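Chemist: sequence first, then the predicted structure:
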Amino acid sequence: ISFKGSHYKMMHYWWIHHRWLAAEYWPNEPDVLIDTVCRIIAHYRFPAERYVEFLRDTTFAFCPGGMSQGSYRFHEALSMGAIPVVTNDFIAPFEPDLDWSGCLVRVSEARIIDIPRLLRETYTEEDIRERRVRCKHLFQNAIGWDKTGDFDDDKENKKWRIDHGRQGFEMALKIWVSRVRAALEKRKQTNIILDPATT
C-alpha cells in the first residue's frame, strides 16, 4: 500500500487527520510506502516525475480526503490500476447507482492505523485481481478516461487520455434517466392505489 500527500494546517477538516495517522503509525516495511510532507517546510522524497512510477507499482492506494472527504488521489489511483482504500464516509462517483463494492476497499476511521495489516490478512492474489478488473471497468465507463496502452504492455506504454468528461456526462445522463423513470413508475403505482375507481 502507498500514500503520497502533504499535511495541511486546516485541522477543522477531520479527514485531514487520516493522512497524519498513516504517516505516523504505518510500519516502515517493504510493502508500505509513505511519502508525506509539511507543505511549508519540507520536500517529498520522490520527485514529481516519479509519481506515475510510484502509483504504477502500487497494489493498494490510500486515498484520504483533502479539501473534502474525497480527493483527486482517488482518480489517480484508478488510472494507474491501483485499488483505492477509502474511509467509510467516502462517496464514490455516481454512488449508489454504481456499485463500487467490488473495487474499493472501505475501512473504518478507527482502523486506519491497522490498514497495512488488514490488507495482508484479508486479500488474496485472486481477490486483488478481481478488484483490479472491476476498478478498471468502472474507471473507463464512469470516470471517462480512455486507455491508450494495455496494462500488460511495457510500463512506458501505460498511459491514459482524458476524454474531457464525455463518458462521465453520458453516465450521469443514464443515471438521471433511470431515476426519473423509477420516480414516474412509483408515482403511477401510488396513483393506482389512491384512485377509488381502481378499487
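Modeler: Nice, I can see it.

Chemist: going forward, measure contacts between C-alpha atoms and count neighbours the same way
Modeler: Noted.

Chemist: ranges for the helices of this protein?
Modeler: 16-25, 51-56, 73-79, 115-122, 125-138, 166-194 (DSSP state H).

Chemist: Serialize the ones you listed to TSV and add fields for mean neighbour count and mean pLDDT.
Modeler: TSV is the format used below for those (neighbours: other C-alpha atoms under 10 Å; pLDDT from 0 to 100):
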stretch	mean neighbour count	mean pLDDT
helix 16-25	18	75
helix 51-56	16	77
helix 73-79	21	84
helix 115-122	13	92
helix 125-138	16	92
helix 166-194	13	77
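
Chemist: how about these, which one is nearest Glu109?
Modeler: helix 16-25 (7.5 Å; C-alpha to C-alpha).

Chemist: which elements pack onto that closest one?
Modeler: strand 2-7, strand 33-38 (3 or more C-alpha pairs under 8 Å, 6 or more residues apart in numbering; DSSP states H and E).

Chemist: just the CA trace of that helix, in PDB.
Modeler: Extracted C-alpha coordinates of helix 16-25, given in PDB (Å, rounded to 0.1, in the frame of the first residue of the first chain):
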ATOM      1  CA  ILE A  16      -7.100  15.600   7.300                       C
ATOM      2  CA  HIS A  17      -6.200  13.600  10.400                       C
ATOM      3  CA  HIS A  18      -6.300  10.400   8.300                       C
ATOM      4  CA  ARG A  19      -3.100  11.200   6.500                       C
ATOM      5  CA  TRP A  20      -1.400  12.100   9.800                       C
ATOM      6  CA  LEU A  21      -2.300   8.700  11.200                       C
ATOM      7  CA  ALA A  22      -0.900   6.900   8.200                       C
ATOM      8  CA  ALA A  23       2.300   8.900   8.200                       C
ATOM      9  CA  GLU A  24       2.900   8.400  11.900                       C
ATOM     10  CA  TYR A  25       1.800   4.900  12.600                       C
END
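
Chemist: could you check the angle that helix makes with helix 115-122?
Modeler: Between helix 16-25 and helix 115-122, the angle comes out at 80 degrees (axes from the mean of the first three to the mean of the last three C-alpha atoms, to 10 degrees).

Chemist: I'd like the helices of the chain as TSV, with distance to Leu104 appended.
Modeler: Output for the helices of the chain, formatted as TSV (distance: least, C-alpha to C-alpha, whole Å):
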stretch	distance to Leu104
helix 16-25	17
helix 51-56	16
helix 73-79	10
helix 115-122	12
helix 125-138	8
helix 166-194	19
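
Chemist: show me the one of the ones you listed that comes nearest Cys63.
Modeler: helix 73-79 (5.6 Å).

Chemist: which residues does the closest one contact?
Modeler: Helix 73-79 has contacts (C-alpha atoms under 8 Å, 6 or more residues apart in numbering) with Leu55, Ala61, Cys63, Ile83, Pro84, Cys135, Lys136, Phe139, Ile143, Trp145, Trp160.

Chemist: got it, and stretch 103-112?
Modeler: 18, 21-22, 83-88, 115, 131-132, 134-135.

Chemist: can we see that at 7 Å?
Modeler: The contact list for stretch 103-112 (C-alpha atoms under 7 Å, 6 or more residues apart in numbering) reads Leu21, Ala22, Ile83, Pro84, Val85, Val86, Thr87, Asn88, Arg131, Arg132, Arg134, Cys135.
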